[in-house]
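**Q** Provide a 3D model corresponding to the input given below.
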Amino acid sequence: MRDAPTRRTYLRRTAALAGAGLVAGCTGDGSGDGPETESEPGEANAATETTEAKTEAGESSHSASMKPMGTVEFDGVPERVFTVFPQYADMAVALGHGDAVNSVYVPEMSGTTMNHYYHHLEGVSFEWEGLSDPLAEGLRKELLFELDSDVHLADPAWASTQDNWDEGDVDEVSSQIGPWFGNFYSGTHAAPPEGFEYDYYTLWEMFGNVADVFGEREKYEALADVHEELVSSIRDSLPPKEDRPTAVRVTLASNSDSFYTYHLNKPGYWLADTRPLGANDAFAEKDWSSLWGTVDYETMLEADPDVILHLWGTTPNYNMEDTIASLKDHPVGSQLTAVQNDRVYPAGMRYQGPIMNLFQLEMGAKQLYPEQFGEWPGYENGQPYPEVPDEEQLFDRQRVADAIRGDI
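**A** Down below sits the predicted model:
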């Protein structure tokens with residue numbers, strides 16, 4: 001067990017901005033709108049700089065940069081890592097540091113879903129049992145002190161908006177426990193709270209930034225190459241826009257009377273698995289005031305998409321057989337073209353990290369464009385991601401597993 005003084009010198013803040021990167025004003029006009037396209041897949045974030053030097057003790061130090069934090073300098077690799085949403089836990093696993101994670105949102109749901117994908121990667125798994133749920137009782141500062149993490153892979157701007165939190169609490173965690181390193185509002189390009197200097201990043205740019213935290217740039221670059229090749233091959237094989245199906249990304253509400261709806265092609269890493277697929281969003285013209293909307297069956301029938309992608313469908317929280325049965329049993333739902341043509345498919349999680357993103361891109365490509373990418377083999381509730389014949393896989397599983405293990 002390391003003593004407190006050692007832990008406090010383990011991570012040294014070097015950001016010019018005090019605390020969590022608080023400054024007057026923030027990027028954007030508050031509308032939440034952003035550019036419709038992201039940088040090319042695998043493109044490194046130009047704002048990220050990683051430096052290495054030798055400390056007086058002879059240890060290797062390095063730094064990582066991302067807004068709203070600024071630059072954080074590390075005297076070693078973080079051994080205790082706090083995460084909230086599973087995209088960061090997935091990043092840690094992808095970099096070979098999954099065992100450092102000490103918390104994740106709804107561990108059973110997140111961990112089980114992640115392992116559904118990892119099942120196909122030799123030597124890769126995530127031990128989620130026993131992890132803390134950071135949001136089980138709302139974000140509690142006391143829990144962060146109990147976990148005593150070397151780094152918090154969470155957004156300080158987002159944390160400042162949680163119940164019983166303010167900027168002083170954010171600074172207290174950063175100065176007394178360990179730094180923050182996360183960016184939440186890139187998920188949808190929504191406006192961050194005032195007082196934070198902010199930029200929007202793609203999922204893979206964020207992954208590159210987190211790779212710098214762990215000093216694992218080589219692993220990141222190897223995985224980014226896989227992603228770039230996957231997205232490029234998908235884009236090269238897409239049919240003309242007018243020949244692509246209409247689709248929606250929805251979640252059937254627990255009362256089965258309405259749908260939570262999400263866009264397919266808007267900016268943000270929440271859509272990193274649908275935007276590259278370029279399907280025609282049946283709700284493209286809908287403008288919701290929040291991060292998602294709600295529609296009833298009649299509105300869904302008016303849109304009548306060719307394909308329904310059911311978000312969370314591969315998680316333990318939903319049984320797709322029951323979901324499809326509910327749609328077929330509903331007097332309006334049974335009229336939906338996607339229901340009649342058996343094109344209601346399970347989708348993954350919007351809180352996706354890089355490994356999850358690779359599988360979810362492949363899954364969506366097969367569901368939307370079976371003629372171009374091969375038939376989706378179907379998903380059995382509670383089971384891992386389905387087996388895909390080697391010749392129909394859109395990316396090399398062994399190459400991904402090798403990169404995670406450092407066999408590059």
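
**Q** What's opposite Thr294 in the beta bridge?
**A** With DSSP bridges as the criterion, Thr294 is bridged to Tyr260.

**Q** From Tyr318, how far off is it?
**A** 17 Å (Cβ to Cβ, to the nearest Å). Every C-beta, even on glycine, is put in place using the N, C-alpha and C of the backbone.

**Q** With neighbour numbers in mind, choose between those two.
**A** Taking neighbours as other Cβ atoms under 10 Å, Thr294 and Tyr318 compare with Tyr318 leading, 20 against 13.

**Q** Trp312 is in contact with that one, correct?
**A** Yes: checked against Cβ atoms under 8 Å, the pair Tyr318 and Trp312 is within contact range at 5.1 Å.

**Q** list the residues that contact both of the two?
**A** Common neighbours of Tyr318 and Trp312, counting by Cβ atoms under 8 Å, 6 or more residues apart in numbering, are Thr251.

**Q** okay, now the residue nearest to Ile234 when sequence neighbours are not counted: neighbour count?
**A** Once flanking residues are discounted, Ile234 sits nearest to Ala365: 5.5 Å by Cβ to Cβ, 6 or more residues apart in numbering. By other Cβ under 10 Å, 24 other residues sit near Ala365.

**Q** now Pro316
**A** 16.

**Q** what's near enough to touch the closest residue to Thr337 other than its chain neighbours?
**A** Residue nearest to Thr337 in three dimensions, not counting chain neighbours: Asp304, with 5.3 Å by Cβ to Cβ, 6+ apart. Residues in contact with Asp304, defined by Cβ under 8 Å, 6+ apart, are Thr246, Ala282, Leu336, Thr337.

**Q** again, only using 10 Å
**A** Asp304 makes contacts with Thr246, Val248, Ala282, Gln335, Leu336, Thr337, Ala338, as judged by Cβ atoms under 10 Å, 6 or more residues apart in numbering.

**Q** Kindly indicate which of the residues you listed lies nearest Ile408.
**A** Nearest to Ile408 out of those is Val248 (Cβ to Cβ; 39.2 Å).

**Q** residues contacting that closest one?
**A** Going by Cβ under 10 Å, 6+ apart, Val248 touches 259, 261-264, 279, 281-284, 286, 295, 300, 303-310, 336, 338.

**Q** Distance check, Ala401 against Gln360.
**A** Ala401 sits 17 Å away from Gln360 when distances are taken as Cβ to Cβ.

**Q** More neighbours: which of those two?
**A** Neighbour count, other Cβ under 10 Å: between Ala401 and Gln360, Gln360 has more, with 23 against 17.

**Q** before we move on, which element is that one in?
**A** helix 354-368 (DSSP states H and E).

**Q** Next secondary structure after that helix?
**A** Proceeding N to C from helix 354-368, the next assigned helix or strand is helix 370-373, under DSSP H and E.

**Q** Can I take it that Ser65 is in a strand?
**A** Yes: assignment of Ser65 by DSSP: H, G, I helix; E, B strand; the rest coil places it within a strand.

**Q** which residue packs closest to it, ignoring adjacent ones?
**A** Per Cβ to Cβ, 6+ apart, closest to Ser65 is Thr71, 4.4 Å.

**Q** Could you measure from the one you found over to Asp90?
**A** 24 Å.

**Q** any idea of the mean pLDDT for the helix or strand the residue nearest to Ser65 falls within?
**A** If you go by DSSP H and E, Thr71 is part of strand 70-74. Taken as a whole, strand 70-74 has a mean pLDDT of 94.

**Q** Paired strands for it, with orientation please.
**A** strand 11-13 (antiparallel), strand 60-66 (antiparallel).

**Q** If I average pLDDT within each of those strands, which one is lowest?
**A** strand 11-13 (a mean of 41).

**Q** if we can go back for a sec, nearest to Arg235, out of the strands paired with strand 70-74?
**A** Set against Arg235 and scored by Cβ to Cβ, the strands paired with strand 70-74 come closest in strand 60-66, at 27.1 Å.

**Q** Please, where are all the strands along this structure?
**A** With strands called from DSSP state E, the chain shows them at 11-13, 52-54, 60-66, 70-74, 81-83, 101-103, 151-153, 246-252, 258-262, 280-281, 293-296, 307-310, 344-346.

**Q** Those into JSON lines, with extra columns for distance to Pro134?
**A** Converted to JSON lines, those look like this (distance: least, Cβ to Cβ, whole Å):
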{"stretch": "strand 11-13", "distance to Pro134": "19"}
{"stretch": "strand 52-54", "distance to Pro134": "31"}
{"stretch": "strand 60-66", "distance to Pro134": "20"}
{"stretch": "strand 70-74", "distance to Pro134": "20"}
{"stretch": "strand 81-83", "distance to Pro134": "7"}
{"stretch": "strand 101-103", "distance to Pro134": "5"}
{"stretch": "strand 151-153", "distance to Pro134": "9"}
{"stretch": "strand 246-252", "distance to Pro134": "22"}
{"stretch": "strand 258-262", "distance to Pro134": "23"}
{"stretch": "strand 280-281", "distance to Pro134": "32"}
{"stretch": "strand 293-296", "distance to Pro134": "27"}
{"stretch": "strand 307-310", "distance to Pro134": "26"}
{"stretch": "strand 344-346", "distance to Pro134": "26"}
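
**Q** Point out where the chain drops to low pLDDT.
**A** Scanning the chain for pLDDT under 70 picks out 1-59, 289.

**Q** okay, now the domains of it?
**A** Segmentation of the chain into domains, based on automatic domain parsing, reads 4-226, 239-405.

**Q** quick check, distance from the shortest one to the centre of its chain.
**A** Averaging C-alpha positions (Cα atoms, centre = their mean, to the nearest Å) puts domain 239-405 16 Å from its chain's average.

**Q** re the thing from before, mind checking the strands of the chain for the one nearest to Thr274?
**A** Across the strands of the chain, closest to Thr274 is strand 246-252 (Cβ to Cβ), at 6.2 Å.

**Q** Tell me what angle that closest one forms with helix 354-368.
**A** Direction vectors for strand 246-252 and helix 354-368, defined by axes from the mean of the first three to the mean of the last three Cα atoms, to 10 degrees, enclose an angle of 120 degrees.

**Q** Same question for strand 246-252: list its buried residues.
**A** Thr246, Ala247, Val248, Arg249, Val250, Thr251, Leu252 (16 or more other Cβ atoms under 10 Å).

**Q** Let me know the closest of the residues you listed to Tyr269.
**A** Arg249 (14.3 Å).

**Q** Before I go, just wanted to say thanks for your time.
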